[in-house]
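**Q** okay, predicted coordinates and the sequence, questions at the end:
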Amino acid sequence: MRINILPKDVADKIAAGEVIERPVSVVKELVENAIDAGSTDITVEITGGGKESIRVSDNGIGIEKDDVEKAFLRHATSKISKTEDLRNLITLGFRGEALSSIAAVSRLELITKTEDEKTGQRIVLHGGEKLTFESIGCPRGTTIIVRDLFYNLPARLKFMKTESSESGQIIDMVSRLAITRTDIRFKLISNGKTVFSTIGNNDLKAAILSVYKDREYKELIPCELKRKGLEIYGYISRPSFSRANKRSQYFFVNGRTVKSSVIEKGLSLGYKERLFEGRSPIAFLFVEIDPNDVDVNIHPNKKEVKFDNDIEVISLVQDAVIDALNKKDAVSTSQDIYVKAEESVSSYKGSPGKASFNNEVSSSKDNNSKAPNVIFEKGEQVGIRDFLKQETREKKTLSPSNEIIEELGNPDIVATGVLPFDFDDLTFGETIFNTYITATDEENFYLFDQHAAHERINYEKFISAYTNSEKNSQILLLPITIDVPVELIDDENWVGILTKMGFSLELFGENSFILREIPEFMEISEAEDFVNTFVDEYHEGNPLGNRVVIDKLITKACKSSIKAHDKITNEEINALISQLKACGNPYSCPHGRPTFIKFRLYDIERMFKRVQG
């Protein structure tokens with residue numbers, strides 16, 4: 001076998017294929033170079049989805065005459081000079097392959113001028129070969145025109161998508177860059193039509209609204225937090241605004257748009273119990289971190305990053321989101337509730353978890369029973385009336401065990417101090433339809449759902465008892481025999497997990513255990529089904545963990561709560577609100593429904609035609 005040295009044109013095309021996948025790759029490299037050049041005004045023009053032509057113009061520092069040809073050599077860059085620089089990157093591009101790769105597979109023209117030079121320079125390359133290099137009159141900055149992408153690689157052309165698909169990818173990419181650098185004026189033109197144009201005035205919200213013209217985005221709320229050298233800022237949606245997918249979540253690290261499961265997890269934990277299962281929030285989140293604490297070179301196109309400390313970043317994002325959602329601006333309003341009637345019922349009957357044991361949860365609309373509701377207090381049944389008349393418990397910080405936090409991702413009921421939303425500013429009135437409690441402040445009218453509010457109170461009470469070191473269990477008069485696979489007999493781990501949940505098991509025979517105690521919130525048949533299912537799933541490598549237990553607590557909280565149409569007194573209303581105020585998360589029931597909704601004075605006046613708009 002002979003070893004051959006590839007000709008330069010072949011090697012360049014292969015290298016180009018690694019860097020330039022499609023038109024969006026070209027636009028990304030050129031716009032990032034424009035940003036790194038200190039530009040304050042960048043215009044991107046495409047035709048035919050970028051397959052016909054791409055033009056990127058900027059007012060940056062330009063390229064000096066002696067460096068113009070050098071810029072098209074592989075690994076020619078002004079961004080780094082030594083290995084150590086890779087751990088302190090602040091630029092978007094650094095490998096020096098972009099211009100070389102783009103020129104190798106297109107007909108490229110570059111016009112550039114620096115501030116100090118009297119004339120600019122124009123160079124034309126086809127397939128990487130120089131055709132023209134001359135002086136030309138032009139303003140400071142750089143313009144690069146790329147025509148007939150992959151004209152000399154017909155095989156690659158076959159893999160191009162439709163014009164609309166290629167355009168969509170470019171629009172999405174430039175949109176992200178535009179909101180990353182709000183100090184730059186961006187303009188994007190496709191087939192002669194302006195897609196968007198930003199002002200470049202450092203206003204993130206204005207940039208988001210210029211790029212993403214969704215009306216809902218006007219209601220995004222700020223989210224920010226600094227801690228231990230980390231900073232997060234941006235905008236997120238109120239729980240009442242959500243999507244069926246995560247396509248409206250945009251993450252940025254040190255100015256670079258990225259995909260990050262770490263940031264995504266922090267965001268998800270922050271919205272814990274605020275959204276129905278299957279719904280995702282809208283988010284534009286920017287993380288600033290010491291370049292030494294993050295690796296941006298783990299993906300060929302730098303789409304992913306690796307944090308040195310995932311836990312710190314997750315915690316920062318989660319706390320920032322929780323803090324933002326606890327503020328008054330985050331309260332659901334009458335104008336932005338997305339839940340349709342059928343979605344509300346279907347989501348309400350299923351708990352947020354994905355576990356089995358599909359216990360039907362009664363909807364507040366279909367329970368008109370006047371029978372007294374009860375809850376369990378220290379092992380005894382207590383009437384709901386007596387419970388509501390008890391003194392409001394003091395707010396306290398719950399301390400779930402590390403195991404539960406790890407498996408559940410923190411149930412989001414930890415009280416963190418005085419909530420930014422002040423219930424003391426509200427004046428409460430009567431109930432309407434024996435279901436909704438009315439309240440007002442100086443500028444708003446509120447409706448509290450008595451069932452959802454009481455459900456939240458009960459849930460936090462039950463979860464608090466569960467997460468304490470001592471689990472409330474009930475001893476079975478007639479123990480239950482549980483058969484387990486032989487492989488699990490000597491495995492103490494699964495027994496330990498069940499013990500933490502409030503079960504008590506003892507070895508009995510060769511492949512059996514005796515179940516002597518079960519959690520107090522489970523029926524005997526439910527507990528037996530749960531343990532058998534847990535054993536089967538564990539044996540298959542998929543332990544159910546605490547999620548099922550939490551689902552059971554949610555079901556219990558629902559069944560133990562005041563229902564719609566249950567008439568309660570003013571004294572009971574005051575007790576209910578007082579205890580809701582003491583909750584770690586008073587804004588939603590454990591299913592994700594809001595406990596109260598705000599009607600702004602402006603919205604009410606608009607209904608009565610007192611104001612326009």
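**A** Nice, thanks for sending it over.

**Q** and residue 212, what does it touch?
**A** residue 175 (Cβ atoms under 8 Å, 6 or more residues apart in numbering). (Each C-beta comes from the backbone N, C-alpha and C, glycine too.)

**Q** what are the phi and psi values for it?
**A** Per-residue torsions, residue 212: phi -110, psi 110 (degrees, to the nearest 10).

**Q** and residue 494, how many neighbours?
**A** 18 (other Cβ atoms under 10 Å).

**Q** same question but for residue 518, I mixed them up
**A** The number of residues near residue 518, taken as other Cβ under 10 Å, comes to 24.

**Q** same check on residue 436?
**A** Applying other Cβ under 10 Å, I find that residue 436 has 18 neighbouring residues.

**Q** and the residue lying closest to residue 229 once chain neighbours are set aside, what's its pLDDT?
**A** What sits nearest to residue 229 in space, not counting adjacent residues and going by Cβ to Cβ, 6 or more residues apart in numbering, is residue 290, at 5.9 Å. In this model, residue 290 is scored at 93, pLDDT.

**Q** how near is residue 290 to residue 274?
**A** Computed as Cβ to Cβ, to the nearest Å, the residue 290 to residue 274 distance reads 31 Å.

**Q** ok, the two, which is more surrounded?
**A** For residue 290 versus residue 274, the count of surrounding residues by other Cβ under 10 Å is larger for residue 274: 24 against 12.

**Q** assumed that one was part of a helix.
**A** No: read with DSSP: H, G, I helix; E, B strand; the rest coil, residue 274 is coil and lies in no helix.

**Q** ok, now which ones touch it?
**A** Per Cβ under 8 Å, 6+ apart, neighbours of residue 274: 239, 325, 412, 585, 587-588, 592.

**Q** next: residue 456.
**A** Residue 456 sits next to 557, 580, 583, 585-586, 588-590, 595 when contact means Cβ under 8 Å, 6+ apart.

**Q** nearest to residue 245 among those residues?
**A** Residue 245 has its nearest neighbour among the contacts of residue 456 in residue 588, at 21.0 Å by Cβ to Cβ.

**Q** need phi/psi at the closest one.
**A** The phi/psi pair for residue 588 (degrees, to the nearest 10) reads phi -150, psi 150.

**Q** surely it and residue 452 touch.
**A** Yes: if you go by Cβ atoms under 8 Å, residue 588 and residue 452 touch, sitting 7.5 Å apart.

**Q** need the overlap of contacts for the two.
**A** By Cβ under 8 Å, 6+ apart, the residues touching both residue 588 and residue 452 are 594-595.

**Q** ok, back up a step: and the contacts of residue 456, which is closest to residue 235?
**A** residue 588 (20.0 Å).

**Q** any idea how far residue 192 is from that closest one?
**A** 47 Å.

**Q** between those two, which one's more packed in?
**A** The residue with more neighbours, out of residue 588 and residue 192, is residue 588; 26 against 7, by other Cβ under 10 Å.

**Q** buried ones in stretch 120-139?
**A** 120-128, 138 (16 or more other Cβ atoms under 10 Å).

**Q** can I get the residues you listed in JSON lines with pLDDT?
**A** Shown next, in JSON lines, are those (pLDDT from 0 to 100):
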{"residue": "120", "pLDDT": "96"}
{"residue": "121", "pLDDT": "96"}
{"residue": "122", "pLDDT": "97"}
{"residue": "123", "pLDDT": "96"}
{"residue": "124", "pLDDT": "97"}
{"residue": "125", "pLDDT": "96"}
{"residue": "126", "pLDDT": "96"}
{"residue": "127", "pLDDT": "93"}
{"residue": "128", "pLDDT": "91"}
{"residue": "138", "pLDDT": "96"}
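
**Q** quick one: low-confidence ranges for the stretch 51-200 of the chain?
**A** Applying pLDDT under 70 to the stretch 51-200 of the chain flags residues 74-97.

**Q** rewinding a little: wait, which of the contacts of residue 274 is closest to residue 281?
**A** Ranked by distance to residue 281 (Cβ to Cβ), these are led by residue 239 at 7.4 Å.
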